[in-house]
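Colleague: Task: produce atomic coordinates for the following.
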Amino acid sequence: MKRIFLIIAIVFGVSLNAQQTPAPPQSEQIAIVGATAHIGNGEVIENCTIIFNDGTITAIGANLEAPSVGTVINAEGKHVYPGFIAPSKSLGLVEVDAVRASDDQDEIGEMIPHVRSLIAYNAESKVVESMRPNGVLIGQITPQGGTISGTSSIVQFDAWNWEDAALKTDDGIHMNWPNFFRRGRRWMGEGRGFIPNKDYGKEMDDIKNFFQNSIAYGKTTEKEKNLPFAAMQGLFDGSKRLYIHANGEKEITDAVTFAKEMGVKHVVIVGGYSANKIAGFLKQHNIPVLVERTHSLPRFDDDDYDFTYKLPKLLVDAGLLVGLQNENAANFQTRNLAFYAGQTVAQGLDKETALQLITGNTAKILGIDDRYGTLEEGKSATLFISEGDALDMRTNQLIKAYIDGRDISLETHQTKLWKRYMDKYEREKEGQ
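Modeller: Sure, this is the predicted structure:
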């Protein structure tokens, strides 16, 4: 009997610590007046009024008359931003790296485009919940591992389950392009540095064979459905994007050339460490780049010490469509996405251009810019109000956030702990 009570207590305790209850649909018109609005396309509107109803922005502009119906929020001296977008992350697929039962980001197999990350997405993840207080309201949930990892979907971060969360299902397929060089194995006498990958040609041939078989499958009348080949068809008809994770000059060039030869309509490079060296090639083929982790050490001895910090600016200056992905950063670090963008300002990017890296640009790259990424009439009211500059960790203090017009909670496990210990220290100050 004691064991039964213990199990009930554990389950009940977990439910008490679950994510905040998702917000109900917008029930009345809301107007935010007097704010500085950062549109997400490079434009800033001072003394801006934003009116939204039924989850959609119905009016936005300077010095508009405040409506007489609904809720009016005085945001003088504050800033309004579109919700930040975190692309190509495994948020909601892994909760604790060391607990295998909570890790659904990697499935068995090398070529598994039919594996859908969305159905494994945990809408009650505490890691996902912690994104919202920093303004990260949308993410692309992406599988990891293998050569073709599976299919991603785009979700919003305030939902009961994966069905509620989905904004765009099965938006793209993710492929890890093989490395032309690999690190030497010292224990086998190969040294410390990089050496050629003798299997590079074979790995490329395996990918080519899989794509060719997928194309052939799409041209035949199926007798028995082949799930991997069927999942690939969206790449050839333009309904899905191919996200190629690659970093070296040769790898990126080979990957893009291959994808174009195979008839893939939309290609995105994820990572792109050496993309600046072949920026002309990428621009020629209209290839956007989701830049890898900006807060990391350079990979090569002859790179500038600050190369990773300034890579986004180098690519923007070259005329490419650029977003921030911050590959290899742990899931919990995604909450700092805005501050990674802020770091690019220190490298010379205009602040509104830096904002585009996590709003308008990323929405275009993911193909959701018809509804998200910028504050414009007719688009989703997915936005937040900050006390100050959202790209500065000292002043990005959210007071309100909305997803599709729904007034979402900004409470998380972290904010509860902050309040708890602030209360403790206040008592100590008062000598209690």
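Colleague: And stretch 264-276, end to end?
Modeller: End-to-end span of stretch 264-276 (Cα to Cα, to the nearest Å): 23 Å.
Colleague: With stretch 210-228 instead?
Modeller: Where stretch 210-228 begins and where it ends lie 9 Å apart, using Cα to Cα.
Colleague: which residues sit against it?
Modeller: Residues outside stretch 210-228 that contact it (Cβ atoms under 8 Å, 6 or more residues apart in numbering): 111-114, 148, 229-230, 232-233, 235-236, 258, 262-263. (Glycine included, C-beta is placed from N, CA and C.)
Colleague: In strands only, show me those residues.
Modeller: I148 (DSSP state E).
Colleague: can you point me to the longest helix in this structure?
Modeller: When the chain is parsed with DSSP state H, its longest helix is helix 200-218.
Colleague: residues of that one that come out buried?
Modeller: Y200, E203, M204, I207, F210, F211, S214, I215, Y217 (16 or more other Cβ atoms under 10 Å).
Colleague: Number of residues surrounding the closest residue to I119 other than its chain neighbours?
Modeller: Leaving aside its sequence neighbours, I119 sits nearest to W162 (Cβ to Cβ, 6 or more residues apart in numbering; 6.2 Å). The number of residues packed near W162 is 20, by other Cβ atoms under 10 Å.
Colleague: ok, now how distant is W162 from T353?
Modeller: Shown here: W162 relative to T353, a distance of 34 Å by Cβ to Cβ, to the nearest Å.
Colleague: again with N74
Modeller: From N74 to T353 the distance is 29 Å (Cβ to Cβ).
Colleague: Present the contacts of stretch 210-228 as JSON lines; the columns should include neighbour count.
Modeller: Formatted as JSON lines, these follow (neighbours: other Cβ atoms under 10 Å):
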{"residue": "M111", "neighbour count": "21"}
{"residue": "I112", "neighbour count": "20"}
{"residue": "P113", "neighbour count": "30"}
{"residue": "H114", "neighbour count": "19"}
{"residue": "I148", "neighbour count": "25"}
{"residue": "F229", "neighbour count": "21"}
{"residue": "A230", "neighbour count": "15"}
{"residue": "M232", "neighbour count": "27"}
{"residue": "Q233", "neighbour count": "15"}
{"residue": "L235", "neighbour count": "26"}
{"residue": "F236", "neighbour count": "18"}
{"residue": "F258", "neighbour count": "17"}
{"residue": "M262", "neighbour count": "18"}
{"residue": "G263", "neighbour count": "12"}
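Colleague: Hmm, G40 and T353 touching each other?
Modeller: No: using Cβ atoms under 8 Å, T353 makes no contact with G40, being 10.9 Å away.
Colleague: of these two, who's got more company?
Modeller: Neighbour count, other Cβ under 10 Å: between T353 and G40, G40 has more, with 28 against 18.
Colleague: who's in contact with that one?
Modeller: By Cβ under 8 Å, 6+ apart, the neighbours of G40 are Y81, P82, L355, Q356, T359, G360, A363, G373, T374, L375.
Colleague: rerun that using 10 Å as the cut-off
Modeller: 81-85, 352, 355-356, 358-363, 369, 372-376, 379, 383 (Cβ atoms under 10 Å, 6 or more residues apart in numbering).
Colleague: same check, this time on T169
Modeller: Contacts of T169 (Cβ under 10 Å, 6+ apart): R116, L118, I119, T151, S152, S153, I154, V155, W162, E163.
Colleague: swap in F84?
Modeller: 40, 131-132, 134-139, 324, 334-335, 337-338, 341, 355, 357-359, 362, 373, 382, 384, 390-391.
Colleague: and D407, what are its phi and psi?
Modeller: phi -80, psi 100 (degrees, to the nearest 10).
Colleague: what's the answer for the one 5 residues further on, then?
Modeller: Dihedral angles phi and psi of T412 (degrees, to the nearest 10) take the values phi -140, psi 180.
Colleague: contacting residues for it?
Modeller: Q19, Q20, K126, V127, V128, E129, S130, M131, R132, P133, R335, W418.
Colleague: Quick check: of those, which has the highest neighbour count?
Modeller: V128 (29 neighbours).
Colleague: Hmm, P22 and that one touching each other?
Modeller: No: the criterion here is Cβ atoms under 10 Å, and V128 misses it with P22 at 11.7 Å.
Colleague: any common contacting residues for the two?
Modeller: With Cβ under 10 Å, 6+ apart as the test, V128 and P22 both reach F157, D158, A159, A165.
Colleague: Considering those residues, which is situated nearest to S68?
Modeller: D158 (29.3 Å; Cβ to Cβ).
Colleague: didn't the closest one look like it was pressed against P22?
Modeller: Yes: using Cβ under 10 Å as the test, D158 is close enough to P22 to be in contact (5.0 Å).
Colleague: Looking at these two, which is more packed in?
Modeller: D158 (26 against 19).
Colleague: quick one, what contacts the closest residue to that one other than its chain neighbours?
Modeller: Among residues not flanking D158 along the chain, I408 sits closest, at 4.4 Å (Cβ to Cβ, 6+ apart). Residues near I408 by Cβ under 10 Å, 6+ apart: 20-23, 83, 132, 137, 156-158, 382, 384, 400-402.
Colleague: of those residues, closest to D54?
Modeller: Y402 (12.2 Å).
Colleague: Is that closest one in a helix, a strand, or coil?
Modeller: Of the three states, Y402 takes strand according to DSSP: H, G, I helix; E, B strand; the rest coil.
Colleague: Against V33, how distant is it?
Modeller: Applying Cβ to Cβ to Y402 and V33 gives a distance of 15 Å.
Colleague: Pick out whichever of those two has more residues nearby.
Modeller: Using other Cβ under 10 Å as the criterion, Y402 and V33 rank with Y402 on top: 23 against 19.
Colleague: Could you check how far that one is from Q414?
Modeller: 21 Å.
Colleague: And Q105, by the same measure?
Modeller: According to Cβ to Cβ, Q105 and Q414 sit 22 Å apart.
Colleague: Of those two, which one has the most company?
Modeller: Q105 (21 against 14).
Colleague: That one reaches S149, doesn't it?
Modeller: Yes: using Cβ under 10 Å, Q105 is in contact with S149, at 8.9 Å.
Colleague: between the two, what contacts are shared?
Modeller: With Cβ under 10 Å, 6+ apart, Q105 and S149 have common neighbours S90, S117, T142, P143.
Colleague: Could you give the number of residues near the first one?
Modeller: When you say that, I think you mean S90. S90 has 25 nearby residues by other Cβ under 10 Å.
Colleague: Also the last one?
Modeller: P143 is flanked by 25 other residues according to other Cβ under 10 Å.
Colleague: do you know how far it is from P82?
Modeller: In terms of Cβ to Cβ, P143 sits 27 Å off from P82.
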